[in-house]
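>>> Sequence and predicted structure below; questions after.
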Amino acid sequence: MRIGRDLTVAFLSFIFLSGMASATPSTTFWTPAVMDIQPFGVLHIGVDNYFTVFRTAKGQASAFPTDTGLTIGAFPFKKLQMELGVDLLEPTDDPVYFNARIGTPEGSLAKWSPGLSLGIFNVGTKKDLTDQNIVYGIIGKTIPSLGRIHLGPYIGNSNAEAFVIENEDTQNKGVMIGFDRGFFPAKDKDGNEYSRLVLAGDYASGKNALGGGGAGLYYYFAKDISLLAGPVWFNDEDINGKWKWTIQLDINTDLHRR
């Protein structure tokens, strides 16, 4: 019964909070190529901005809509985790997108076992326009003295105009790879360790809305508050335009402690 009550609380929290704001799936930098999944009851608040630099307003200056979101861990199990999220991209005509991911953390099946996850994101509300419905799988592993590597395939809706260019060779699938490594270890007031700086980068193959990559640095003001900055480039500039700079604010809060 305890598990049933916990699942009910998580579900109701998600429904209530999604009416107020929205969210992105766990990501490395530009893509969800990361094995991490939000722990149960931990709410992630994210605000992501992407904009061109060194370009005049009369030239090729542009920016993506601001992505504001919530993601919450929904499973109270150690060996099986799940997160649910909803994105709000403004200004756009159809701003709401949903995402979900389920998987098992690194080392949960055996001491040597990698992190495994299966997810879907950019589930839009406008048929054949924003319903990108990108399904992906990720396998991740920590390599001592190097960092964490994440790898997996993805496939999206080839009919979604916001995902692929019409009348061109359809490239609605590809492979994602991500990497991250932390530096300058620190501890919070409870003795939990984290890194002040994290170097992160990722890349997705394919000439579509997801194709491209980025690299940059996370700075952690505290264990649960970070700011990410760095450049992002794209495989198809007809869809996403020229390379952009991103600034992303990420905040985690444990609802069990509230």
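Cool, the structure landed.
>>> what's Gly216 sitting at in phi/psi?
Here is the backbone geometry of Gly216 (degrees, to the nearest 10): phi -180, psi -160.
>>> With His256 instead?
Geometry field for His256 lists phi and psi as phi -70, psi -20, criterion degrees, to the nearest 10.
>>> check contacts around it.
Neighbouring residues of His256 by CB atoms under 8 Å, 6 or more residues apart in numbering: Gly41. (Each C-beta comes from the backbone N, C-alpha and C, glycine too.)
>>> Same question for Tyr219.
Contacts of Tyr219 (CB under 8 Å, 6+ apart): 196-197, 226-228.
>>> want to throw these into a markdown table with distance to Phe179 and pLDDT?
Listed next are the contacts of Tyr219 as a markdown table, based on distance: CB to CB, whole Å; pLDDT from 0 to 100:
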| residue | distance to Phe179 | pLDDT |
| --- | --- | --- |
| Arg196 | 18 | 97 |
| Leu197 | 14 | 97 |
| Ser226 | 17 | 96 |
| Leu227 | 19 | 97 |
| Leu228 | 14 | 97 |
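>>> Name the nearest of those residues relative to Gly214.
Nearest to Gly214 among the contacts of Tyr219 is Leu228, at 9.4 Å by CB to CB.
>>> ok, what's across the strand from the closest one?
Tyr218, Gln248 (DSSP bridges).
>>> what's the burial count for it?
Neighbouring residues of Leu228 were enumerated by other CB atoms under 10 Å; the total is 21.
>>> before we move on, the earlier item: I'd like to know which of the contacts of Tyr219 are buried.
The neighbour-count test (16 or more other CB atoms under 10 Å) marks 196, 226, 228 as buried among the contacts of Tyr219.
>>> what sits up against the host helix or strand of Asp87?
Element membership for Asp87 (DSSP states H and E) is strand 81-90. With contact meaning CB under 8 Å, 6+ apart, strand 81-90 is reached by 14, 18, 21-26, 37-40, 44, 64-75, 95-105, 121-122.
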